[in-house]
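Trainee: make a model of this:
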Amino acid sequence: MSQDNFDGLTLGLPDSQGSFTELWENMVSPPLLNLPMAHNDSWPDGNMDALLNNDLPGFDADLFELSPETSTADGVTPPASTVPVTSDHPGEFGFQVRFQKSGMAKSVTSTYSEHLNKLYCQLAKTSLIEVLVTKELPQGAFLRATAVYKKSDHVAEVVRRCPHHQKEDATDHSSHLIRVEGSKRAQYFEDPNTKRQSVTVPYELPQLGTEMTTILLSFMCNSSCMGGMNRRPILTILTLETPEGLVLGRRCFEVRVCACPGRDRKSEEIKSKAQIGTKQTTKRKNAPPAPTPNTSAKKSKSASSAEEEDKDVFVLRVRGRERYEWLKKINDGLELLDREGKSKPPVTVKHEAAAPSSGKRLLLRGERSDSE
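Mentor: Modelled structure (predicted):
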């Protein structure tokens with residue numbers, strides 16, 4: 001628009017309020033019904049069902065879908081701690097672990113010591129472990145077995161099989177020390193942060209007539225293997241967990257993998273009991289001695305008891321007059337001695353020096369001899 005037309009338009013506008021009202025009323029807006037509508041082809045079936053069903057052309061169906069990381073954030077298994085907890089915790093379900101009783105014969109392949117809380121087993125031999133709970137577990141609960149070193153110097157290291165036994169094993173989990181036998185549902189894991197290895201197996205309900213569930217574990221490397229455990233004691237942590245990674249209970253026991261479990265168990269139990277006896281003996285030696293009673297008090301007690309016994313009167317029945325007279329005289333003499341002993345002061349005896357064998361008299365201090 002040119003400047004002249006703009007000025008004319010400005011000058012042509014009425015200045016009064018009434019003229020403005022008339023101008024506003026003369027402005028007619030087009031009716032809403034006359035507005036052009038979009039063609040029905042752009043809305044399938046002419047309703048909103050197509051929009052809800054994501055059938056619109058060019059509509060991205062994954063626009064409102066959450067990413068897998070966001071949708072499973074609540075169900076992700078929490079990362080394992082660097083230093084695992086090795087204390088027992090039965091939890092609200094009363095989680096317990098039991099072992100079958102076996103002797104200490106040389107032929108046994110697995111034996112458990114209650115005194116040491118230690119399992120002795122042979123390489124790649126199955127050990128039966130019974131699991132007991134006091135009430136029903138949540139759906140999908142499972143058991144996890146993890147091996148850790150017992151001593152604090154090595155607890156940060158990961159327990160693995162030695163290179164020799166790993167080469168002989170062609171399975172995908174050849175580096176895992178603990179295996180679950182007899183179950184195809186066992187899964188082997190390695191924590192991405194700590195690199196610790198574990199094996200899980202779903203918890204099965206006890207069979208009819210029993211209250212325990214049995215799992216079969218085997219250890220695939222000797223405790224003495226170089227490059228592996230290398231004679232370092234290990235602990236097995238058995239945890240009861242939910243699919244979300246919540247620990248419901250925990251049990252821990254020591255494991256020794258050796259050639260003769262019965263012999264090693266017997267020797268270690270004897271050694272442990274001997275050490276306990278030595279400690280108790282040392283404590284007794286270090287304990288302060290008991291105060292010895294005063295000897296004078298003992299003498300006074302014995303003297304007083306003797307005096308009390310002397311005051312007692314006894315009756316002696318004697319057969320025959322003559323025997324009675326003799327006993328009466330003896331008793332009268334004793335009574336006389338007692339009375340005289342109490343009335344007379346004690347007599348001190350002076351010991352004089354013996355005379356010389358030559359017949360001469362010994363000189364006392366201050367005396368002179370006859371020859372002077």
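Trainee: what about E268, how many neighbours?
Mentor: 16 (other CB atoms under 10 Å). Every residue, glycine included, has its C-beta placed from N, CA and C.
Trainee: so where's the stretch 1-150 of the chain uncertain?
Mentor: By pLDDT under 70, the weakly predicted segments of the stretch 1-150 of the chain are 1-80.
Trainee: all strands for the stretch 101-250 of the chain, in order.
Mentor: In the stretch 101-250 of the chain, the strands defined using DSSP state E, counting those that start in this stretch lie at 110-113, 118-121, 127-132, 142-149, 178-181, 187-190, 197-202, 213-219, 234-241, 247-257.
Trainee: who wins for proximity to F314 among those strands?
Mentor: Nearest of the strands of the stretch 101-250 of the chain to F314, taken as CB to CB: strand 110-113 at 66.1 Å.
Trainee: helices or strands next to that closest one in the packing?
Mentor: If contacts are counted by 3 or more CB pairs under 8 Å, 6 or more residues apart in numbering; DSSP states H and E, strand 110-113 sits against strand 118-121, helix 261-286.
Trainee: could you list the paired strands of it along with their orientation?
Mentor: Each strand paired with strand 110-113, and its direction, by DSSP bridges: strand 118-121 (antiparallel).
Trainee: keeping just the C-alphas, turn the strand it pairs with into PDB.
Mentor: The C-alpha trace of strand 118-121 is given here as PDB (Å, rounded to 0.1, in the frame of the first residue of the first chain):
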ATOM      1  CA  LYS A 118      33.000 -77.000  55.800                       C
ATOM      2  CA  LEU A 119      32.300 -79.200  52.800                       C
ATOM      3  CA  TYR A 120      34.900 -81.600  51.600                       C
ATOM      4  CA  CYS A 121      34.400 -83.000  48.100                       C
END
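Trainee: state the distance from the nearest residue to A105 once chain neighbours are set aside to N117.
Mentor: Nearest residue to A105 in three dimensions, chain neighbours excluded: G262, at 5.1 Å (CB to CB, 6 or more residues apart in numbering). Separation of G262 from N117 (CB to CB, to the nearest Å) stands at 17 Å.
Trainee: which one's more surrounded, these two?
Mentor: Regarding G262 and N117, a neighbour count based on other CB under 10 Å identifies G262 as having more, with 19 against 13.
Trainee: ok, of the helices and strands packed on strand 110-113, where does mean pLDDT dip lowest?
Mentor: If you rank those by mean pLDDT, helix 261-286 sits at the bottom with a mean of 85.
Trainee: any buried residues in that helix, and which?
Mentor: 261-262, 264-266, 268-269 (16 or more other CB atoms under 10 Å).
Trainee: and for stretch 186-202?
Mentor: Within stretch 186-202, judged by 16+ other CB under 10 Å, the buried ones are 186, 188-189, 196-201.
Trainee: endpoint to endpoint, that stretch covers what distance?
Mentor: For stretch 186-202, the first and last residues are 7 Å from each other (CA to CA, to the nearest Å).
Trainee: can you check stretch 152-170 too?
Mentor: 33 Å.
Trainee: quick one: mean pLDDT for that stretch?
Mentor: If you average the pLDDT over stretch 152-170, you get 95.
Trainee: from K328, how far off is L337?
Mentor: Distance from L337 to K328, counting by CB to CB: 15 Å.
Trainee: so who does the residue nearest to A105 touch?
Mentor: 103-108, 111, 120 (CB atoms under 8 Å, 6 or more residues apart in numbering).
Trainee: who wins for most neighbours among these?
Mentor: When neighbours are taken as other CB under 10 Å, the top entry among these is Y120 (28 neighbours).
Trainee: so that residue sits against A259, correct?
Mentor: No - the pair Y120 / A259 is not scored as a contact, 10.4 Å apart, by CB atoms under 8 Å.
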